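*Asks:* can you look at this prediction? I've put the sequence above it.
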Amino acid sequence: MQPSPQDFGSLFDADTKAAISSGLCIQCRGAKLLCGKARCPILVRWDSMMKTAPMIDRVDLDGSSPPGVFVGRFGYPKVFVGPLVPPVHGDTQILDAPEEWVGRSMEDIVRFRSTLVRGMHRVHVMDVDRGGRIVDLTRELALGTVPADVEVGFERKPRGRVVLDDNVQPFGPSAPLRRLDIGTLQIDRNLDRASSDTDLRAKEAVLDMYGRGLPVSKIQRAFSVGAFGIEKNRRFVPTRWSITAVDDTIGKDLREMVKTFPLINDIRVFETIGFDDRFLVVMVPRPWRYELIEAWYPNTLWNPLGREVVLFGDHEGFEGRTTYASIGGCYYAARLAIGESLERERRQAATVILRETHPGYIMPVGVWNVREHVRAALRQPPHLFSTMKATLDHLRTRLDIPMERYVRMSEVLQHVLYQRTFDDYSVIDSRGHVS
């Protein structure tokens, strides 16, 4: 039985309650520690209230890794690197394939991930090729294309609970490694070629792998173990940073392509719901702009004690942005989904995503949730409108928060509603060209 958010109230001190009520926790999401505490109090409380993951009551373990690896961030530049291994054999790909998780329940995701035991080996981030046998095998595992049989020996019995993070998928107990052996490993040919090219810049490697159709999660995994880049610059990248770095790199490239295309012809509204999380994607026939606005209801993950809905968001104009989005990795995950949808159609638009997070969203499962649900929304037929009035009237029927609040906060909606452009006095033909 999962704990209820209502149980949280008695667990927080006054400072944490103040941070929650001010909206600081929604801005931070456990990543920046803006409250000044050494660990996020919300995640610590979830940690203590979660059921203990299945323990491995021994120091030796064998199973089929999906394949999965994890690179930690604490202690940087000396971090823990190692495999994720379940105590089962067979086809375990689903355990580390977020692209296939849309439609699954939150319980399914936690069940998938809690079976993965994390092996930890301390290494300096620059010692990609000098870290020893465990490091070499971990890197090879990250390049795998199908599950591989893995045997590990731990220095002690694994312990701990399901690890929760707003950027990274959950995983189970952990222990330091003393031994790692991998059976027959099928390496992805594209990843192997990019890894072997020590003159290829990491950015070009990421874009090449994406262009060849590799899932974003596999590219992120290889990126995290230092498989890409100029040889002397290669390094391990903590998993939570590698996820956003790859989303950002691909998203920027897609944006620059999209900016060269003609405009869409209609106003479009796409929608999907998952984990009591509602995503409304609004595309308007204007040059590239992008915005993500999130509304967190009381009794949700980052607003567990609030009495009011808290709205938070970030945006960029035609030239992008020069600072890191305060809303965090979900901004870049959603932007990638928008960019690839427009690139497929070879069209351009101004887009705002309205994310309404209701009380059923009670634990973090990673930014894949945003990327994949926005992708899912964009695979559905859109509602089409010819005016913003009709668009806003429709959105009022799909969102619980008054549209006036969204409009007041939204740079994109205000730009579209109040900024007159040349297009307002012109005709857009069937190819999206202005005449």
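*Replies:* Noted; the coordinates are in hand. Just so it is clear, the model here is predicted, and its values are computed rather than measured.

*Asks:* what is the neighbour count of the spatially closest residue to residue 183 that is not a sequence neighbour?
*Replies:* Distances taken as CB to CB, 6 or more residues apart in numbering put residue 149 closest to residue 183, at 3.7 Å, once the chain neighbours are dropped. For the C-beta atoms, the positions are set from N, CA and C on the backbone; glycine is no exception. Neighbourhood size, residue 149 [other CB atoms under 10 Å]: 16.

*Asks:* and residue 149, that one's in a strand?
*Replies:* Yes. Counting by DSSP: H, G, I helix; E, B strand; the rest coil, residue 149 falls inside a strand.

*Asks:* which residues sit in contact with it?
*Replies:* By CB atoms under 8 Å, 6 or more residues apart in numbering, the contact set of residue 149 is 62, 63, 64, 89, 182, 183, 184.

*Asks:* again, 10 Å this time
*Replies:* By CB atoms under 10 Å, 6 or more residues apart in numbering, the contact list for residue 149 reads 62, 63, 64, 65, 85, 89, 90, 181, 182, 183, 184, 185.

*Asks:* now restrict those to buried residues only.
*Replies:* 63, 64, 65, 85, 182, 185 (16 or more other CB atoms under 10 Å).

*Asks:* how confident is the prediction for the fifth one, by pLDDT?
*Replies:* Right, residue 182. Residue 182 is assigned 97 on the pLDDT scale.

*Asks:* residue contacts, it?
*Replies:* 65, 67, 83, 137-138, 140-141, 144, 148-152.

*Asks:* can you tell me which of the residues you listed is nearest residue 233?
*Replies:* residue 138 (19.4 Å; CB to CB).

*Asks:* what about the closest one, neighbour count?
*Replies:* Neighbour count of residue 138, defined by other CB under 10 Å: 25.

*Asks:* I'd assumed residue 83 was in contact with it.
*Replies:* Yes. Here residue 138 reaches residue 83: they are 5.8 Å apart, a contact under CB atoms under 10 Å.

*Asks:* give me the common contacts of the two.
*Replies:* 67, 69, 70, 119, 121, 177, 180, 182.

*Asks:* centre-most residue in this protein?
*Replies:* residue 367 (2.3 Å; CA atoms, centre = their mean).

*Asks:* where does the stretch 151-300 of the chain have low pLDDT?
*Replies:* Within the stretch 151-300 of the chain, the set of residues satisfying pLDDT under 70 comprises 161-164.

*Asks:* mind listing the helices for it?
*Replies:* Secondary structure of the stretch 151-300 of the chain, counting by DSSP state H, counting those that start in this stretch: helices at 189-196, 202-211, 216-224, 239-258.

*Asks:* winner for burial among those helices?
*Replies:* Comparing those by mean neighbour count (mean count of other CB atoms under 10 Å), helix 216-224 ranks first with a mean of 25.

*Asks:* domain map for the protein?
*Replies:* As assigned by automatic domain parsing, the chain contains the domains 13-46, 60-189, 190-257, 267-425.

*Asks:* which parts of the stretch 1-150 of the chain are helices?
*Replies:* Using DSSP H, counting those that start in this stretch, helices in the stretch 1-150 of the chain cover 14-21, 24-28, 41-49, 106-114, 133-142.

*Asks:* which stretch in the ones you listed has the least confidence?
*Replies:* Among these, helix 41-49 scores lowest, with a mean of 53.

*Asks:* could you dump stretch 332-344 to CSV, C-alpha only?
*Replies:* Only the C-alpha atoms of stretch 332-344 are listed here, as CSV (Å, rounded to 0.1, in the frame of the first residue of the first chain):
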residue,chain,number,x,y,z
TYR,A,332,14.0,20.0,-22.4
ALA,A,333,12.2,16.6,-22.6
ALA,A,334,9.0,18.2,-23.8
ARG,A,335,10.8,20.5,-26.2
LEU,A,336,12.4,17.5,-27.9
ALA,A,337,8.9,15.9,-28.4
ILE,A,338,7.6,19.2,-29.9
GLY,A,339,10.6,19.6,-32.2
GLU,A,340,10.5,16.0,-33.6
SER,A,341,6.7,16.3,-34.3
LEU,A,342,7.1,19.5,-36.3
GLU,A,343,10.2,18.2,-38.0
ARG,A,344,8.4,15.1,-39.2
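
*Asks:* buried stuff in that stretch?
*Replies:* Using 16+ other CB under 10 Å as the test for burial, stretch 332-344 gives 332, 333, 334, 335, 336, 337, 338, 339, 340, 341, 342, 343.

*Asks:* what does stretch 102-118 give?
*Replies:* 102, 104, 106, 109, 110, 112, 113, 114, 115, 116, 117, 118.

*Asks:* out of those residues, who's nearest residue 310?
*Replies:* residue 106 (21.3 Å).

*Asks:* who are the neighbours in contact with the closest one?
*Replies:* 2, 170, 274, 275, 276, 277, 360, 361, 362, 363, 365, 369.

*Asks:* now residue 256
*Replies:* For residue 256, the contact set (CB under 10 Å, 6+ apart) comprises 288, 320, 339.

*Asks:* from the residues you listed, which is closest to residue 242?
*Replies:* The shortest gap between residue 242 and any of those belongs to residue 339, at 18.9 Å (CB to CB).

*Asks:* how about the strands in the stretch 251-400 of the chain?
*Replies:* Per DSSP state E, counting those that start in this stretch, the stretch 251-400 of the chain carries strands over the ranges 267-274, 277-284, 289-296, 310-316, 350-357, 383-385.

*Asks:* output the below-cut-off pLDDT ranges for the stretch 301-435 of the chain.
*Replies:* In the stretch 301-435 of the chain (pLDDT under 70), the answer is 302, 305-306, 420-435.

*Asks:* rerun that using 90 as the cut-off
*Replies:* For the stretch 301-435 of the chain, applying pLDDT under 90 flags the ranges 301-310, 312, 357-366, 418-435.

*Asks:* one step back: using a markdown table, lay out the strands of the stretch 251-400 of the chain together with mean neighbour count and distance to residue 77.
*Replies:* Formatted as a markdown table, those follow (neighbours: other CB atoms under 10 Å; distance: least, CB to CB, whole Å):
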| stretch | mean neighbour count | distance to residue 77 |
| --- | --- | --- |
| strand 267-274 | 20 | 37 |
| strand 277-284 | 24 | 35 |
| strand 289-296 | 24 | 31 |
| strand 310-316 | 21 | 29 |
| strand 350-357 | 26 | 34 |
| strand 383-385 | 17 | 49 |
